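> next one to model:
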Amino acid sequence: MIDCLYDSLPNLPRWHVLGIAVVGYVVYYLFQVAKRPILAVSDGPFKTFLMKNVPTLETKFWPTFWCVESRAQTVFASILRSQILPKINYDREILTLKDGGEVALDWLESGCKSDSPVIIILPGLTGESQAEYIKCLVTAANNAGIRAVVFNNRGLGGIPLKTPRLYCAANCEDLSEVVNHVRKKNPHVKLGATGISMGGLILGNYLSNHSEEAKRILTAAKIISVPWDVHKGTISIETPVLNCLLGRHLTSSLCRTLSRCEIFRDTDIDWDRIMSSKTIKEFDALFTSKQFGYETVDHYYDAATLHNKLHKISVPLLCLSAADDPFQPLDAIPMKAAEESSHVAIVVTARGGHIGFLEGWWPSSKDQYMGRLFSEFFTGALFDHDKQFEETSKFLSEYRFKKSKTQLDKIE
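Numbers count the residues shown, from 1 in each chain. Now for the predicted structure:
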């Protein structure tokens, strides 16, 4: 019967063939593409809070019908948001760090009360406060009445380097200074933090390596499209052909960032060789890992990776990943660890690419999936009108106390 069907296809009118193709794609989209996201977190107050305050988790994610492929989502999201979202007029603050370096903190507080909560936002690999995905989140925060401050890494945001040091995914010393600075400026309001892609690695390492400090200062945190296992992430982004092209583009961005840092020309780095890097791993091997004192690039990636650090985090954390993220294979997302965690929740959509998550027939609305999930979570966590999130934090404190006591009893 199937052979007869194939034999008859060439004889059908073109519009019949087109109709069959359209119907086939619609069926594929409805059953394989549009799906409700997976939520990995253990039962308890945090999961209860999420299900009550983040309604987006209860509905299917409907990726843009003509743009479901992961690389297409990644690229078109950047292009479309850059056209939709206007330039934001931030209030810039220059923060001088302990070693004499400087970073730019870009604030958007217009329309918000002086005592409203604050979210610190960390861009990706070479992102700045005017990056389209950052403007998406900043706009979502502002619409929710939450003040936002974007932490531009050293050498970014138009600020020249004062010391021969950039940034890396495993080092969170600068973020610690920024977090303490924002707390000092806003001693009586709730603070949140969000990191995107490499910014998520920096934030995640801060949450795990500075666990007690983070717990004392931050109320809630969120990371988006983070490469959980950096080793597997670099392998994925170097896969021919399309992933490799994305990787080449990011590597070029890294080289351009370094090329603007004239201060490094007087150091002993192999400038020409670094500038000829073709992959992110090659750039990290020649420059990043050496600058931050790692023996090899693999040692650097060991320190940067997050998939094995969820148990060290003490701040309620929501994570958003796409199963088809070209920068991170699905098997690297620590779903099992999240399922056993009382306070780290991972949301995985079937599609979305890397910082994509485009939805709708024509994704022209400023209210996109990524921004909506962001605003729903932080509105509930930072305003916390019914004190439900406060119960989550209390439960976490009690849970960690009991766990520590159990471990001490075993030692004794």
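> ok, the closest residue to residue 55 other than its chain neighbours - contacts?
In space, residue 55 comes closest to residue 376 once its chain neighbours are excluded; the distance is 6.7 Å by Cβ to Cβ, 6 or more residues apart in numbering. (Each C-beta comes from the backbone N, C-alpha and C, glycine too.) Listed by Cβ atoms under 8 Å, 6 or more residues apart in numbering, the contact set of residue 376 reads 53, 54, 55, 56.
> and the furthest pair within those?
Among these, the pair separated by the greatest distance (Cβ to Cβ) is 53 and 56, at 10.2 Å.
> between those two, which one's more packed in?
residue 53 (20 against 16; other Cβ atoms under 10 Å).
> which residue packs closest to that one, ignoring adjacent ones?
Closest to residue 53 by Cβ to Cβ, 6+ apart is residue 380, at 3.3 Å.
> please tell me how far that neighbour sits from residue 389.
6 Å (Cβ to Cβ, to the nearest Å).
> overlap in contacts of those two?
With Cβ under 8 Å, 6+ apart as the test, residue 380 and residue 389 both reach 49, 53.
> neighbour count: those two, which is higher?
More neighbours surround residue 389 than the other of residue 380 and residue 389, with 24 against 19 (other Cβ under 10 Å).
> the more buried one against residue 377, yeah?
No - using Cβ atoms under 8 Å, residue 389 makes no contact with residue 377, being 9.8 Å away.
> shared neighbours of these two, anything?
Contacts common to residue 389 and residue 377, judged by Cβ under 8 Å, 6+ apart, are 53, 220.
> all helices of the stretch 301-412 of the chain, in order?
In the stretch 301-412 of the chain, the helices defined using DSSP state H, counting those that start in this stretch lie at 335-339, 369-378, 388-411.
> give me the distance from the shortest one to the chain's centre.
Put simply, helix 335-339 sits 18 Å off its chain's centre (Cα atoms, centre = their mean, to the nearest Å).
> what's the answer for stretch 226-245, then?
Relative to the centre of its chain, stretch 226-245 is centred 16 Å away, using Cα atoms, centre = their mean.
> hmm, residue 390 is touching residue 384, no?
Yes - using Cβ under 8 Å, residue 390 is in contact with residue 384, at 5.9 Å.
> looking at those two, which has the bigger crowd around it?
Just comparing residue 390 and residue 384: by other Cβ under 10 Å the higher neighbour count belongs to residue 384, 20 against 14.
> got phi/psi on the more buried one?
phi 50, psi 60 (degrees, to the nearest 10).
> how much space between it and residue 107?
Taking Cβ to Cβ, one finds residue 384 at 23 Å from residue 107.
> the closest residue to residue 126 other than its chain neighbours: neighbouring residues, count only.
In this structure, residue 126 finds its nearest non-sequential neighbour in residue 253, 4.3 Å apart by Cβ to Cβ, 6+ apart. Neighbour count for residue 253, taken as other Cβ under 10 Å: 15.
> where does residue 253 fall, secondary structure wise?
helix 242-259 (DSSP states H and E).
> which neighbouring elements make contact with the next helix or strand after that helix?
Under the assignment DSSP H and E, the closest C-terminal helix or strand after helix 242-259 is helix 271-275. Under the contact criterion of 3 or more Cβ pairs under 8 Å, 6 or more residues apart in numbering; DSSP states H and E, helix 271-275 touches helix 242-259.
> is it true that residue 220 lies in a strand?
Yes - looking at residue 220 with DSSP: H, G, I helix; E, B strand; the rest coil, it is inside a strand.
> offset the numbering so it begins at 11, please.
Renumbered: residue one is now 11, and that last one reads residue 230.
> count the neighbours of it for me.
Around residue 230 there are 27 residues (other Cβ under 10 Å).
> tell me the bridge partners for it.
The residues listed as beta-bridge partners of residue 230 by DSSP bridges are residue 202.
> next one: residue 115
Beta-bridge pairing for residue 115 (DSSP bridges): residue 103, residue 161.
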